[in-house]
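# Give me the fold of what follows.
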Amino acid sequence: MRKLVSLLLVVIALTSFVVACAAPTPEVIEKEVVVEKEVPVTVEVDKEVIVEKEVVRTVIVEKEVEKGVTIEYWQYFFDARVDAMNRLIQQFEAENPDIHIIHTNFPYADYRDKIAASVPAGVGPDIATLYYGWMPLWVDSGYLVPLPEDEFPPSMIESEFSPLVQAGKFDGKYWAIPTAVRTLALFWNKDLFEAAGLDPEKPPTTLDEFVEYAKKLTKLDANGDYEVMGYAVEMNGQAHHWYREILTRQFGQVPQSEDQRKIQWNASEGGYEAWEWLCKFETEYKTGTNDLFDGATQAFYQGKLALHIDGSFRLGSIAKNAPDLNFGVAPMPIGPSGELTTFGSFWTHGLTNKAASDPKRLEAAVKFLKFITTDEAMALWVDKVGELPARLEAASDPDLLADPKLGAFAQQLPYAYATFFVNESDDRQALMDAYDAVQLTGENPRAALDEAVEKVQALFDEFWATH
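Sure thing, here's the model as predicted:
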């Protein structure tokens with residue numbers, strides 16, 4: 001009997017050993033759990049993004065057993081975009097239980113520094129969001145790898161996506177692909193129109209009318225301070241795009257040479273006239289200033305600004321931060337040349353070296369990237385963020401074109417221009433400095449513009465010398 005028991009124990013031990021050897025070892029994943037708390041702050045606008053709330057991030061590292069593969073997606077913090085991406089991730093993971101997505105976001109001001117510190121070290125995101133104007137710098141810095149052409153054929157991108165997307169092509173390759181694109185349009189406050197005796201359903205359609213309306217809508221209090229601003233130039237918002245890509249063309253000047261090597265803002269009288277037209281709102285017409293009400297965008301939220309130039313992405317933010325604002329959206333006013341034009345841009349998604357370093361990670365990252373650039377993902381993005389579908393078929397939806405808010409942006413897609421930037425931040429700063437020189441020191445507008453052209457041309461000359 002004792003021998004039988006001993007024999008049984010040996011069999012059990014051997015069986016356990018065999019089972020243990022046969023069972024796959026579960027992968028231990030260190031997962032960052034991020035607890036976020038929104039704290040209201042006033043942040044200077046950088047480019048077109050306004051961060052209405054700072055995000056205090058507490059990161060807890062948990063270890064959990066997972067099968068499959070985990071990849072990271074990074075973007076900057078903009079509440080509507082974060083919410084939309086979380087919803088897409090939830091849908092994707094439900095359909096692909098073997099792939100887990102860690103979604104990380106940072107305040108806009110910190111985002112590029114985080115990328116610069118992580119990607120070259122082989123850590124951080126597998127997929128990173130970037131503004132299309134950063135593409136040359138990110139490629140030169142080694143942050144991105146080209147999109148696999150078998151998964152993202154160039155012919156497919158060029159036939160199925162908005163022509164704007166081709167601005168993301170660099171050195172003959174596509175390095176990223178977007179979910180959405182956007183254009184600029186005119187926002188107007190209907191209540192302020194009515195108070196000023198203007199038809200609240202008829203915004204200005206020409207630049208001359210824009211000036212006339214801005215003057216009529218400006219209201220000062222007994223002390224001579226602005227109670228309502230007709231229009232305030234937000235050069236660190238969208239006004240630099242308005243000048244560079246729209247006003248120049250409307251005054252008869254193409255802003256850059258066809259080969260993208262020469263800055264032509266001051267190449268003709270038209271470029272100077274367009275710049276002077278914009279500068280006069282503060283120096284001559286006195287219709288408003290970006291220095292009040294925490295900036296022009298915030299002033300529009302508060303009902304203190306009547307006319308505002310902004311992108312379709314602003315709709316989601318207005319819905320959250322100023323849900324009772326009575327406003328309309330119209331195509332950009334037409335200038336002397338009669339040309340229909342607007343500025344088009346987009347944030348896009350690129351694959352990093354981290355994703356490319358492992359076949360399984362790359363496969364998962366490509367699968368997720370394809371998912372967030374489907375028509376269905378774009379429809380969700382339109383609803384939650386207010387940006388336009390990057391795919392032509394989705395963007396031509398009759399309901400979208402007829403939408404009282406989004407329709408104005410979608411209608412302008414056929415004649416939207418995306419600027420080629422060597423370094424978008426420095427390009428923007430040059431025009432901001434030129435505008436400040438006119439407003440703060442009284443510099444001649446033409447001389448200030450010449451200085452801006454000289455600065456940006458130097459950037460282009462240095463860039464093209466090595467490409």
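
# OK, contacts around the closest residue to Lys190 other than its chain neighbours?
Of all residues not flanking Lys190 in the chain, Pro200 sits nearest, at 3.8 Å (C-beta to C-beta, 6 or more residues apart in numbering). Yep, even glycine has a C-beta here, placed from its N, CA and C like the rest. If you count contacts by C-beta atoms under 8 Å, 6 or more residues apart in numbering, Pro200 has them with 190-191, 193-194, 328.

# how does it look with 7 Å?
By C-beta atoms under 7 Å, 6 or more residues apart in numbering, the contact list for Pro200 reads 190, 193-194.

# Now do the helices in the stretch 51-200 of the chain.
For the stretch 51-200 of the chain, the helices defined by DSSP state H, counting those that start in this stretch cover 79-95, 108-118, 135-140, 154-160, 190-195.

# Mind listing what's buried along the second one?
In this case it means helix 108-118. By neighbour count on 16 or more other C-beta atoms under 10 Å, the buried set for helix 108-118 is 108, 111-112, 114-115, 118.

# now swap in the fourth one and tell me
By neighbour count, and taking 16+ other C-beta under 10 Å as the criterion, the buried residues in helix 154-160 are 157, 160.

# got the CA positions of that helix in CSV?
Output of helix 154-160 as CSV, limited to C-alpha atoms (Å, rounded to 0.1, in the frame of the first residue of the first chain):
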residue,chain,number,x,y,z
PRO,A,154,0.4,56.0,-51.7
SER,A,155,-2.1,55.6,-54.5
MET,A,156,-4.8,54.8,-51.9
ILE,A,157,-3.9,57.8,-49.8
GLU,A,158,-3.9,60.1,-52.8
SER,A,159,-7.2,58.8,-54.2
GLU,A,160,-9.2,58.3,-51.1
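
# Now do it, average pLDDT.
Here helix 154-160 scores 94 as its mean pLDDT.

# just stretch 203-217 next, same as before
98.

# How far off centre is it?
28 Å (C-alpha atoms, centre = their mean, to the nearest Å).

# Format the contacts of Pro200 as a markdown table; extra columns: distance to Phe371.
Below are the contacts of Pro200 laid out as a markdown table (distance: C-beta to C-beta, whole Å):
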| residue | distance to Phe371 |
| --- | --- |
| Lys190 | 39 |
| Phe193 | 43 |
| Glu194 | 46 |
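
# quick one: which of those residues is nearest to Glu393?
Lys190 (32.8 Å; C-beta to C-beta).

# Buried residues in stretch 424-434, which are they?
Within stretch 424-434, the residues that qualify as buried are 424, 427-431, 434, counting by 16+ other C-beta under 10 Å.

# how about a markdown table for the residues you listed, with secondary structure, distance to Ile246 and pLDDT added?
Formatted as a markdown table, these follow (DSSP: H, G, I helix; E, B strand; the rest coil; distance: C-beta to C-beta, whole Å; pLDDT from 0 to 100):
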| residue | secondary structure | distance to Ile246 | pLDDT |
| --- | --- | --- | --- |
| Glu424 | helix | 17 | 90 |
| Asp427 | helix | 15 | 96 |
| Arg428 | helix | 15 | 96 |
| Gln429 | helix | 19 | 97 |
| Ala430 | helix | 18 | 98 |
| Leu431 | helix | 13 | 98 |
| Ala434 | helix | 17 | 98 |
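
# of these, closest to Glu269?
Once C-beta to C-beta is applied, the member of the buried residues of stretch 424-434 that ends up nearest Glu269 is Ala434, at 17.6 Å.

# Now do the helices in the stretch 351-467 of the chain.
According to DSSP H, counting those that start in this stretch, the helices that the stretch 351-467 of the chain contains are 353-356, 359-371, 375-385, 392-395, 398-402, 406-411, 424-441, 445-464.

# Tell me which of those is the most buried.
helix 406-411 (a mean of 22; mean count of other C-beta atoms under 10 Å).

# which other helices and strands contact that one?
strand 180-189, helix 398-402 (3 or more C-beta pairs under 7 Å, 6 or more residues apart in numbering; DSSP states H and E).

# Relative to Tyr226, tell me which of these wins on proximity.
Taking C-beta to C-beta, strand 180-189 is the member of the helices and strands packed on helix 406-411 nearest to Tyr226, at 14.2 Å.

# which non-adjacent residue is nearest Ala416?
Spatial nearest neighbour of Ala416, chain neighbours left out: Gly344 (3.1 Å); criterion: C-beta to C-beta, 6+ apart.

# helix/strand/coil for that neighbour?
strand (DSSP: H, G, I helix; E, B strand; the rest coil).

# Quick check: it touching Tyr417?
Yes: using C-beta atoms under 7 Å, Gly344 is in contact with Tyr417, at 6.2 Å.

# Pick out whichever of those two has more residues nearby.
More crowded of Gly344 and Tyr417, by other C-beta atoms under 10 Å: Gly344, with 27 against 22.

# And the more buried one, how far from Lys173?
21 Å (C-beta to C-beta, to the nearest Å).

# likewise Lys304?
From Lys304 to Lys173 the distance is 46 Å (C-beta to C-beta).

# returning to that earlier point: so which of the contacts of Pro200 is the closest to Ala319?
Of all the contacts of Pro200, Ala319 sits closest to Lys190, with 16.2 Å by C-beta to C-beta.

# so what's the closest one up against?
Counting by C-beta under 7 Å, 6+ apart, the residues that Lys190 touches are 200, 326-328.
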